[in-house]
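>>> build me a model from this:
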Amino acid sequence: MFFFLIKNAEIGTVVIRALAMPRTPGASIEYSILSDNEDTTEFAIDKDTGIVTVARNRTLDREKQEIHDVSFLTTENVVIIIQVQV
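Just a heads-up that it's a prediction; the model follows:
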C-alpha cells in the first residue's frame with residue numbers, strides 16, 4: 001500500500017487505519033510496529049484501533065527522505081506493510 005503525507009506533517013497526523021479481521025469470531029486484534037527499535041520510527045500505531053499517526057516529524061522532509069517503509073504486526077500474526085511518501 002502506498003500513501004502520501006504532507007511535508008513536515010505535525011505529530012499526531014493520521015496516516016491510515018490498519019484493519020485486520022480475527023480468525024476467531026469475537027476475538028480482539030492488537031497492532032504493533034514491526035521494527036527493531038520502535039523509538040526510531042517516525043510513526044506510531046494505536047494497539048487497539050490500528051490508527052497510524054506521525055510520532056515524530058524530524059525526517060518527514062522530502063529532501064531528506066522521500067519514502068518511509070513501515071511494517072506492522074497484528075496478534076493474528078498478519079504483517080501489514082505500507083509505504084509513505086512525503
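>>> quick one: least confident helix or strand in this structure?
Taking mean pLDDT, DSSP states H and E as the measure, the chain has strand 2-4 as its least confident helix or strand, at a mean of 69.
>>> helix or strand for residue 22, which one?
Using DSSP states H and E, residue 22 sits within no helix or strand.
>>> near it, how many other residues are there?
13 (other C-beta atoms under 10 Å). C-beta coordinates here come from the backbone N, C-alpha and C atoms, glycine included.
>>> the residue nearest to it when sequence neighbours are not counted and residue 4, how far apart?
Sequence neighbours aside, residue 29 is the residue nearest to residue 22 in space, at 5.4 Å (criterion: C-beta to C-beta, 6 or more residues apart in numbering). According to C-beta to C-beta, to the nearest Å, residue 29 and residue 4 sit 26 Å apart.
>>> please identify which of the two sits among more neighbours.
Just comparing residue 29 and residue 4: by other C-beta under 10 Å the higher neighbour count belongs to residue 29, 18 against 9.
>>> so that one makes contact with residue 23?
No - using C-beta atoms under 8 Å, residue 29 is not in contact with residue 23; the gap is 9.8 Å.
>>> now do the shared contacts for these two.
Between them, residue 29 and residue 23 share these contacting residues under C-beta atoms under 8 Å, 6 or more residues apart in numbering: residue 76.
>>> so where's the chain shaky on pLDDT?
Along the chain, the model assigns pLDDT under 70 to residues 1-3, 35-40, 57-59, 86.
>>> quick one: the strands in it, in order.
2-4, 14-17, 31-33, 43-45, 51-54, 67-74, 79-85 (DSSP state E).
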